[in-house]
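In: Coordinates for the following, if possible.
(2 chains)
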Number of protein chains: 2
Amino acid sequence: MTVSETNPVYEDLMKDYDSGLTHSGVNGERLARRLHELSFIGYTQVGGVKRPGLSDEEKKAKELVKTWMAEAGLTVSEDGAGNVKGRLAGRDESSRAIASGSHVDSVPNGGNFDGPLGVLSALEVVESWKETGYVPPKPYEVIIFTDEEGSRFNSGLSGSRAMTGALSEEEMDQLRDYNGETLEQVLSKYGSSLQAFKDAKRDVSELELFVEVHIEQGKKLEKADQPVGIVSGIAGPAWLEAEFSGEAGHAGNTPMAGRRDPLVAAAAFISAIPDFPEQVSETAVATVGKLEVSPNGINVIPEKVTLHVDIRDIYEDPRDHLLEMIRKEAEAIADTREIQLNIKQNTKIQPVPIAKDLQANLADSLEKFNISPTYIPSGAGHDAMILGRHIPVAMLFVRSKEGISHNPKEWSSLNDCVTGVHVLKDFIEKAMDQ
Amino acid sequence: MTVSETNPVYEDLMKDYDSGLTHSGVNGERLARRLHELSFIGYTQVGGVKRPGLSDEEKKAKELVKTWMAEAGLTVSEDGAGNVKGRLAGRDESSRAIASGSHVDSVPNGGNFDGPLGVLSALEVVESWKETGYVPPKPYEVIIFTDEEGSRFNSGLSGSRAMTGALSEEEMDQLRDYNGETLEQVLSKYGSSLQAFKDAKRDVSELELFVEVHIEQGKKLEKADQPVGIVSGIAGPAWLEAEFSGEAGHAGNTPMAGRRDPLVAAAAFISAIPDFPEQVSETAVATVGKLEVSPNGINVIPEKVTLHVDIRDIYEDPRDHLLEMIRKEAEAIADTREIQLNIKQNTKIQPVPIAKDLQANLADSLEKFNISPTYIPSGAGHDAMILGRHIPVAMLFVRSKEGISHNPKEWSSLNDCVTGVHVLKDFIEKAMDQ
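Out: Model (predicted):
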C-alpha cells in the first residue's frame, strides 16, 4: 500500500503541517502516513470508511497496526474478543502498567480519526521513546479495543466490556448483528469463539492508569481556538422508550373533536424536550433520534407511536433529574390527551468522572506547550468510560473541524494531532515517574 | 376454508341477527359467511386484515369473490389494473349498465367491512334476483376496484383511476411501493403489465349510474340511531409531503444550543395542525398518519424527517385554504428553526357532489324501510368519487360501531348491513325501471 493520489488523506494532512512539531522522537509525517494507510481499509466511495466491529475490515486494520507495533518493539497479543495489546517492558516489570489506546472500527460511513487517532497516538509515544532511547520505568500498553462504535450489534464498547467482564451471559445471548447473526456466529467467522470471548476478561487492576486520545466530536476547542483539551467527565446515557397508544381511525371520516391521536401527543412531547436539559445542568442533553409510527398509513390516524429518548450528562444527579422531568412530561401529556403511555428505561449507564488530579496533570502538560486548558464534558461514551469503572482514566480531546464526526468529513489537522501526541507523551512520562 | 372458531366474525355477526331481515332473496347468513371468509385473507394476529393493493392477499380475495360471482351467474372478467367486473345481462343489452361495488384491499391493519361490504352488497342484489327470478331490464355490473386504500403506493384509488384514465403517465412513472418497486414491477408480479394497466381505461359513460355501499367510518348514524344513511358529498383529499432536513450529530456530544434537529421542528408542526381545520370549516380535517425519521438511530440527532399530511373537506375552497395554512405553518417553523423544508403536494382531488335527484331516490328507498334519511358528508375518498367525475354516482353509508374504521375493531351489525342491501336493491331496481 502506498501513498495514493486518489485518496488525499496524507496530502491533506501534510499540506499545512508545521514540521517544527516533529521533535523529541514524535514524527508528524509518520502519523499522517499511518492515518492515510488505515483510511484505505473499508474505504467507501464517498471518502469515508466502513469498518464494523469484528468485520474483515476491522481485522485488517488491526493486523496493519500490529505490524507497526511489532516494528516499534512491542510484544503483541490479541484476546478472544479481538482486543489487541502491544506491550513494552518497563524497567520495573513488577510495576503496574500504564495503558493508552482506542479503537479502529467505525460507524457505517465514518471518518478517519474517530478511534485510529487514539491508537496511533499511543503508538507514536512508543516510537518517540524508541528514537530517543527512553525506557519507561513501568510497563506500557497500547490497546486496540474491538467494536467500540456498536454498528455491528446496536450495542457498542464490546471489546472493553469483554475485557472488564461487563457483559452478562444474557446480553451476549441476545446480541444480533446487522445480518441477524449471534455473537457466537460472528466470533466464529472472526476466528474466535464465545468461550474465548468470555476468557478475554482480565484483571484490569493490573493497569495503573488508562489514558485515551480521541477527537472531540464537538466544537468547544474550535471555539476556544485550542488544539487539544481535557475531558472533564464522560456522560452516561439513559434511554427511555415511550409508547404512546391512542385510537386509530380514518383520517377523512373522524372529526377533529374527540380524536385520540398518539402522534399529536408524541409531537407535543418531542417539542417540549429541548427546554428541559438547561434546567438541570449546562452539560445535559436530551434527544429523540428514533421514532416509529404504527400503522404508518397516510390516511390513518396512528394507533401507536414508539420513540426513544437519549438523555445524558456527565453528572449523575442532574442526569437522573432530567430523566424524571422528561418521564413526567410524557405522563402529563398522555394524561391530558387521553393517550395510553407505556414508558420504560432501557439503559442507564453511570457517568464516569475523571479524577481532578489527573485533569490537573493534563493541564500541567498542556501548559508546557502553551495551551490554555479547556475542560470538555464528553457526551459520547468511550472505552475509557468502561475502564473508568475499575481504574483511573484520563482523556485528551483533539480539536475536530466544525465538530463533525461519524461522517467522511470528520477532520483534525495534523498540527493538532501531533500536539496531542506531545501532550500525551508528557502526561504518560510524568505518570511513569510517579 | 370453513367457519372457524378462532376468528369470530361469522359468530359475532349472527348472534344478534334478526332473521326476519332475510327476505326477498336477500340472505343475511350468506352475507355473514362471505364477510367471514374474506376476513381470513391477510388475517393479522390482532384480528384485522392486511391486504395491500396488488398484493397476493388482495388477489386471493378477488379470486374468492370471483367464484361467488360466477356461481351467481355473472360473467366475470378482470382488466389489466386488476379491476374485477361481474356482469349480468339485462333484458335490453343495448341499455347502459347500472353498476355497484367497492374494493377488497385494506390498510395495513384494517377491518373486515371497509370495501368488502360494498362488493358483497352489490353481489347480494344479484343473489336476490337469482332467487326471485328477477331479470333486470338493463345490464348490471358488480365491480371490485384495485388498491383503493393507497397503502401500496402512498396514493390510492388506483383501480378506479386506471379505469377512468385519471392517472397520467408521469404519475404512473413516479409510483413507488413500500418496497421501492415501480408500478411496472408490482404489476409484473401481480401477473399484469404497465401496458395492460393503461389499457384498463374504459369508456365509463357505458355506465348509466354507479352506486357504492360503504361503512360510514364515522358516528353520525350512530348518533341519529339509523342503520343506513345518504352520502351528501365526498370530500377530496389533498396530501402534502413535507421533508424537514437539519444537521445530524452525535446525541451525546452536540450541545442543545445550536442544534438544527428536524424532528423537533416536525413535532412542533404536527402539534400545531389540529388547531387549523376548525378555522376553515366544520367538516374539515387534517392528519399526519405517516412519518419516517432518518437515520433513526437512538443516539443520533436526526438528519431528516419525512411526513405526510392528509387534508380534507367536502367543500373545495375551505379545503384549499386549509392546505395553504398548513403549508405556511411548515414553512414558518422550518424558517425559525433553520431547518430546510421540501414540501410538495402529492394528491389533490376535487370533492364530488352527489346529485340531488339521486339523494332523493335514496331517501325514497330508505323511507320504504321506515328509515329516516340522514345526510352525511363523506370525509373519506371512495371509488365512487373517481367515477363521479364522469357519470352520476350515489353512495349509501352503513352505520359503523363507534365510528371506528381502518382498525381491526371496525364493525357494522349484520342487521345494518342487510338493511343496506335491501335499500341498495330497491334503489337499483327503481333505476332499472327509469
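In: CA only for contacts and neighbour counts going forward, please
Out: Noted.
In: How about the contacts made by residue A:121?
Out: Counting by CA atoms under 8 Å, 6 or more residues apart in numbering or on different chains, residue A:121 touches A:31, A:101, A:213, A:417, A:420-421, A:424.
In: let's see 6 Å
Out: residue A:421 (CA atoms under 6 Å, 6 or more residues apart in numbering or on different chains).
In: same thing with residue A:236?
Out: Residue A:236 neighbours (CA under 6 Å, 6+ apart): A:312, A:349-351.
In: Quick one: residues contacting the closest residue to residue A:164 other than its chain neighbours.
Out: In space, and not counting its chain neighbours, residue A:164 is closest to residue A:201: 5.5 Å by CA to CA, 6 or more residues apart in numbering or on different chains. Going by CA under 6 Å, 6+ apart, residue A:201 touches A:162-165.
In: Next, residue A:201: secondary structure please.
Out: Secondary structure assignment for residue A:201 (DSSP: H, G, I helix; E, B strand; the rest coil): coil.
In: What are the structural domain limits within chain A?
Out: The record's domain parsing of chain A by automatic domain parsing lists A:3-234+A:351-432, A:236-348.
In: Turn these into JSON lines, including distance to residue B:339.
Out: As requested, the domains of chain A are exported to JSON lines (distance: least, CA to CA, whole Å):
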{"stretch": "domain A:3-234+A:351-432", "distance to residue B:339": "18"}
{"stretch": "domain A:236-348", "distance to residue B:339": "15"}
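In: possible to save the ones you listed as a markdown table with distance to residue B:283 and mean pLDDT?
Out: Listed next are those as a markdown table, based on distance: least, CA to CA, whole Å; pLDDT from 0 to 100:
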| stretch | distance to residue B:283 | mean pLDDT |
| --- | --- | --- |
| domain A:3-234+A:351-432 | 46 | 94 |
| domain A:236-348 | 7 | 94 |
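In: contacting residues around stretch A:256-268?
Out: Residues contacting stretch A:256-268 (CA under 6 Å, 6+ apart): A:244-247, A:304, B:267, B:271.
In: Next step: these restricted to strands.
Out: Mapping these onto strands (DSSP state E) picks out A:244-245, A:304.
In: For the stretch 101-250 of chain A, just list every one of the helices.
Out: A:116-132, A:158-164, A:169-174, A:183-190, A:194-198, A:220-224 (DSSP state H, counting those that start in this stretch).
In: Tell me which of these is the most buried.
Out: Highest mean neighbour count of these: helix A:158-164, a mean of 26 (counted as mean count of other CA atoms under 10 Å in any protein chain shown).
In: what packs against that one?
Out: Under the contact criterion of 3 or more CA pairs under 6 Å, 6 or more residues apart in numbering or on different chains; DSSP states H and E, helix A:158-164 touches no helix or strand at all.
In: centre of the chain versus it, how much separation?
Out: Mean-position distance between helix A:158-164 and its chain equals 13 Å (CA atoms, centre = their mean, to the nearest Å).
In: Might you enumerate the residues of the stretch 201-350 of chain A proximal to chain B?
Out: Neighbours of chain B within the stretch 201-350 of chain A, by CA under 6 Å from any CA of the partner chain: A:218, A:249-254, A:264, A:267-268, A:271, A:285, A:289-290, A:296-302.
In: Residue in the stretch 101-250 of chain A with the shortest distance to chain B?
Out: Minimum separation of the stretch 101-250 of chain A from chain B (CA to the nearest CA) falls at residue A:249, amounting to 5.2 Å.
In: For the stretch 251-400 of chain A, just list every one of the helices.
Out: A:262-272, A:277-280, A:316-336, A:356-368, A:383-387.
In: okay if I get these as TSV plus mean neighbour count and distance to residue B:107?
Out: Converted to TSV, those look like this (neighbours: other CA atoms under 10 Å in any protein chain shown; distance: least, CA to CA, whole Å):
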stretch	mean neighbour count	distance to residue B:107
helix A:262-272	24	18
helix A:277-280	18	40
helix A:316-336	18	26
helix A:356-368	18	59
helix A:383-387	26	46
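In: Let's have these in a markdown table, adding distance to residue A:71.
Out: Listed next are the helices of the stretch 251-400 of chain A as a markdown table, based on distance: least, CA to CA, whole Å:
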| stretch | distance to residue A:71 |
| --- | --- |
| helix A:262-272 | 53 |
| helix A:277-280 | 49 |
| helix A:316-336 | 43 |
| helix A:356-368 | 28 |
| helix A:383-387 | 26 |
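In: Among the ones you listed, which comes closest to residue A:119?
Out: helix A:383-387 (11.9 Å; CA to CA).
In: For the most centrally placed residue in chain A, give me phi and psi.
Out: For chain A, the residue whose C-alpha lies nearest the mean C-alpha position (CA atoms, centre = their mean) is residue A:382; its distance is 3.8 Å. Main-chain torsions, residue A:382, degrees, to the nearest 10: phi -140, psi 170.
In: Of all the helices of the stretch 101-250 of chain A, which one comes closest to residue B:234?
Out: That would be helix A:169-174 among those, by CA to CA, at 51.4 Å.
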